[in-house]
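1. below: sequence and its predicted model.
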Amino acid sequence: MKFSGTSLVTGAAGFMGSHVVEHLAAKGVRVRATSRPRSDLSFFEQRGVEFIPADLTNPETLPRLFEGDVDRVFHLGAICNFSTPFKHLYPTNVEGVRHIAGLALDAGVKCFIHVTSTSVYGYYKGKPFTESDKRDPMDDYARSKKEGEDVVFQKIKEGLPAIIVRPCTVYGPRCNDGAGKAFSRPSSIAAIPGSGNQLLSNIRAEDVAAALEHLSLLDDAVGEIYNIAEDTNPTLKEALVLAAAVYHGKAPWLHLPLGMIKLISRVDGFFSRFQNRIPDLEYDACKYLYHDYVVDNTKLKQSGFHLKYPDFRQSIRQLGELCAGRAADFSG
């Protein structure tokens, strides 16, 4: 599949959306970025990217996004946390998908890439998650992502050439929310949840962006689902200790029972609501720590995609060097 028009990126001011914008712009793609109105547009201006403000929950703001020659959509606009109640997630994560996918269908785009989450699979069931596994969401966030996927499945039946992509825990430069932030920058995590032997699946943000573009170019990817994950599965303890080492923090050594972790997250969540912030330790996220969480990436690799950061350990060390280099530049 070839694209000669404009690629629209929703959620472009967010962590993952910004990486997709950056990746496409670096390859010379004409990009139109959108998110809710913002005053600082320097990120987009420096990359020669057009920015049009819009709100997925306000349909009247969306048609202008498709003016001109938009022929590809990367839909990343979403609320991504475990603390927001479903009734507040629904307008963006479900109805927002309906609005933007409907407009894409009407506009006749060649490809619509819908970015969702492996959380739709629910808790680990003893074997790596594959794309054919039953979706069994266990929290409001995962439920909203599942219902958003259902919207896209229906639009595919109506003729939308869509691809559904499910990244696991995403980390990397500019990550300030979600579980991936623990591995993306210096952290204040002082204890290891439970045994620390739980296996993890992670993915570097730059690889997510590259995978989305790669899949959009494949005719036979349309109508398909793809997991995005690295090749390695570090234990939680290994990941936290390594992150502390590369960011020159204090390595956690104390193990806290998961029951206590959940209690602490309850208290943190209670006070966070009054402070209008997302807690660092989200209660529903803690429930995933009782088991391994391994995601199968075979289908993605069989499509011909090659990970730039297949090994979590090497990737984190590189991130640490990048972080140290930026700190040195700032101090200089």
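-> Everything's here; your move. Please read these numbers as outputs of a predicted model, since none were measured by experiment.
2. roughly how far apart are Asn227 and Arg98?
-> Per C-beta to C-beta, to the nearest Å, Asn227 is found 24 Å from Arg98. Placement of C-beta: from N, CA and C, glycine included.
3. neighbour count winner among these two?
-> Taking other C-beta atoms under 10 Å, Asn227 and Arg98 do not tie; Asn227 has more neighbours (24 against 18).
4. may I have the secondary structure class of the more buried one?
-> Using DSSP: H, G, I helix; E, B strand; the rest coil, the structure places Asn227 in strand.
5. which residues touch it?
-> Taking C-beta atoms under 8 Å, 6 or more residues apart in numbering as the contact definition, Asn227 lies against Thr118, Phe129, Thr130, Glu131, Arg166, Pro167, Cys168, Val295, Asp296, Asn297, Lys299, Leu300.
6. give me the pLDDT for it.
-> For Asn227, the pLDDT comes out at 98.
7. now for Gly159: which residues touch it?
-> So Gly159 contacts Leu105 (C-beta under 8 Å, 6+ apart).
8. what pLDDT does it get?
-> The predicted local confidence for Gly159 is 98.
9. three-state assignment of it?
-> With three-state DSSP as the basis, Gly159 sits in coil.
10. return the distance of the closest residue to Ala229 other than its chain neighbours relative to Gln275.
-> With C-beta to C-beta, 6 or more residues apart in numbering as the criterion, Ala229 has its nearest non-adjacent residue at 4.0 Å, and that residue is Val295. Note on Val295: its distance to Gln275, by C-beta to C-beta, is 33 Å.
11. who has more neighbours, these two?
-> Val295 (24 against 8).
12. quick revisit: what sits against the residue nearest to Ala229?
-> Thr118, Pro128, Phe129, Cys168, Ser201, Asn227, Ala229.
13. end-to-end on stretch 192-209?
-> Using C-alpha to C-alpha, to the nearest Å, the end-to-end distance of stretch 192-209 comes out at 30 Å.
14. quick one, helices of the chain?
-> 15-26, 42-45, 86-90, 96-107, 140-157, 205-216, 236-246, 258-275, 283-286, 298-302, 312-331 (DSSP state H).
15. can I get these in JSON lines with distance to Ser188?
-> Shown next, in JSON lines, are these (distance: least, C-beta to C-beta, whole Å):
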{"stretch": "helix 15-26", "distance to Ser188": "19"}
{"stretch": "helix 42-45", "distance to Ser188": "27"}
{"stretch": "helix 86-90", "distance to Ser188": "27"}
{"stretch": "helix 96-107", "distance to Ser188": "33"}
{"stretch": "helix 140-157", "distance to Ser188": "24"}
{"stretch": "helix 205-216", "distance to Ser188": "22"}
{"stretch": "helix 236-246", "distance to Ser188": "10"}
{"stretch": "helix 258-275", "distance to Ser188": "13"}
{"stretch": "helix 283-286", "distance to Ser188": "17"}
{"stretch": "helix 298-302", "distance to Ser188": "34"}
{"stretch": "helix 312-331", "distance to Ser188": "15"}
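16. nearest to Cys175, of these?
-> helix 15-26 (5.4 Å; C-beta to C-beta).
17. neighbouring contacts of the closest one?
-> So helix 15-26 is contacted by 7, 9-12, 31, 33, 35, 43-44, 47-49, 74, 76-77, 115, 167, 170, 172-178, 205-206, 208-210, 212-213 (C-beta under 8 Å, 6+ apart).
18. got the buried residues for that helix?
-> Buried residues in helix 15-26, counted by 16 or more other C-beta atoms under 10 Å: Phe15, Met16, Gly17, Ser18, His19, Val20, Val21, Glu22, His23, Leu24, Ala25.
19. among those, which one lies nearest to Leu263?
-> For the buried residues of helix 15-26, the nearest to Leu263 is Phe15 (28.8 Å; C-beta to C-beta).
20. show me what contacts Asp207?
-> Contacts of Asp207 (C-beta under 8 Å, 6+ apart): Ile228, Glu230, Leu307, Lys308, Tyr309.
21. how much space between the last one and Leu281?
-> Put plainly, it is Tyr309. Distance, Tyr309 to Leu281, by C-beta to C-beta: 26 Å.
22. the more surrounded of the two?
-> Tyr309 (22 against 17).
23. for the more buried one, give me the pLDDT.
-> 97.
24. what about Gln302, how many neighbours?
-> Using other C-beta under 10 Å as the criterion, Gln302 is surrounded by 9 other residues.
25. meant to ask about Thr84, not that
-> 18.
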